[in-house]
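> Below: sequence and its predicted model.
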Amino acid sequence: MQNEYEKIPKRVYEDPHEQIKFLREVFDKKGYIRVRIRKRGKKKSKIRNLRLVNKNIKFIRNVQYFLKKQGIKSVVYRIGNHFCLDIEGKSRLEMFLKIIGFSNEKKLKEMQEALKPLSLSRNEQTV
């Protein structure tokens, strides 16, 4: 059974501006931001990604296609019965924020925080 975000109107396929609005709405509602700290010896690095999870591979692939049309690279993989789309890396997330952005203030602030340089804040976990 499809939910409201899996039903992609025809106009979204035809109009790049509609694609941006669609992507913003999907990531506002269903996307989440992850920040982890990777420790290798004495060196620490910050790993950031924006993730979307859904059971419908066609929906995930369409989101990936719309992102690609905007120049934003992503990867898709399967975990159990779900498919994940990840946008990983500071430069890709900065591009997402510049082109797509968020209407959701909470998500916007989370992304801005994630893009800051490495500092062990309360939202970052060591892996």
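All right, it came through fine.
> Give me the longest strand you can find in this protein.
Taking residue count as the measure and DSSP state E as the definition, the longest strand of the chain comes out as strand 43-54.
> Provide the strand pairings for that strand, with the direction of each partner.
The sheet places strand 43-54 alongside strand 32-40 (antiparallel), strand 82-88 (antiparallel), with pairing taken from DSSP bridges.
> Quick one: closest of those to Met111.
Taking Cβ to Cβ as the criterion, strand 32-40 is the member of the strands paired with strand 43-54 that comes nearest to Met111, at 5.7 Å. Bear in mind the C-beta positions are built from the backbone N, C-alpha and C, glycine included.
> what mean pLDDT does that closest one have?
For strand 32-40, the mean pLDDT works out to 89.
> Check stretch 74-94 too.
The model assigns stretch 74-94 a mean pLDDT of 96.
> Okay, now it: how far is its last residue from its first?
Using Cα to Cα, to the nearest Å, the end-to-end distance of stretch 74-94 comes to 13 Å.
> Please list the outside residues in contact with that stretch.
The contact list for stretch 74-94 (Cβ atoms under 8 Å, 6 or more residues apart in numbering) reads 46-57, 60-61, 63-64, 67-68, 72-73, 96, 111, 114-115.
> Show me what the residue nearest the centre of the chain bridges to in the sheet.
Note on the chain: the residue nearest the mean C-alpha position is Leu50, at 3.1 Å, using Cα atoms, centre = their mean. Judged by DSSP bridges, the bridge partners of Leu50 are Ile33, Ile87.
> per-residue confidence for it?
In this model, Leu50 is scored at 97, pLDDT.
> For it, give me its contacts.
Counting by Cβ under 8 Å, 6+ apart, Leu50 touches 27, 31-34, 86-88, 93, 96, 111.
> those helices in this protein, which residues are they?
Taking DSSP state H, the helices of the chain run over residues 10-14, 16-30, 57-69, 90-99, 105-114.
> Many thanks, have a good one.
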